[in-house]
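Chemist: Turn this into a model:
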Amino acid sequence: MKITFDFKGSIFGQKEKIVLTLKDNLSVLAALKELASQISSLETLLFKEDSLRNDILVFVDRTDVITMKLLEMSLEDGQQITVLPLAHGG
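Modeler: Next comes the predicted model:
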């Protein structure tokens, strides 16, 4: 399945949108881990000590998956994961 990762905010200035082909039925968290393993410069921007950083927001198609406790939700082909730092300006 193809998943688009969209990065917002200044800390992600080196990346914008990345499209990856991933295994079917991956969770949101597993997809983010796979992304970090493929693009090592994103690992410290996304994770701290094997957990998602607490200073980022993660949306799947406009749903805040952290607040809604949906990080283990299975992704579907064509979905978009948007990552936004809490200190993102206006």
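
Chemist: Please identify the buried residues of stretch 56-65?
Modeler: Judged by neighbour count using 16 or more other C-beta atoms under 10 Å, the buried positions of stretch 56-65 are Ile56, Leu57, Val58, Phe59, Val60, Val65. Where you see a C-beta, it was placed from the backbone N, CA and C, and this is true even at glycine.

Chemist: contacting residues for the residue lying closest to the second one once chain neighbours are set aside?
Modeler: Counting by C-beta to C-beta, 6 or more residues apart in numbering, Leu57 lies nearest to Leu84, which is 4.5 Å off, once chain neighbours are set aside. Leu84 is in contact with Lys8, Gly9, Ile56, Leu57, Val58, Phe59, counting by C-beta atoms under 8 Å, 6 or more residues apart in numbering.

Chemist: now these in a markdown table, with distance to Met73?
Modeler: Below are these laid out as a markdown table (distance: C-beta to C-beta, whole Å):
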| residue | distance to Met73 |
| --- | --- |
| Lys8 | 21 |
| Gly9 | 23 |
| Ile56 | 17 |
| Leu57 | 16 |
| Val58 | 11 |
| Phe59 | 12 |
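
Chemist: Include secondary structure and distance to Asp50 when you put those residues into a markdown table, please.
Modeler: Output for these, formatted as a markdown table (DSSP: H, G, I helix; E, B strand; the rest coil; distance: C-beta to C-beta, whole Å):
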| residue | secondary structure | distance to Asp50 |
| --- | --- | --- |
| Lys8 | coil | 24 |
| Gly9 | coil | 23 |
| Ile56 | strand | 15 |
| Leu57 | strand | 19 |
| Val58 | strand | 16 |
| Phe59 | strand | 22 |
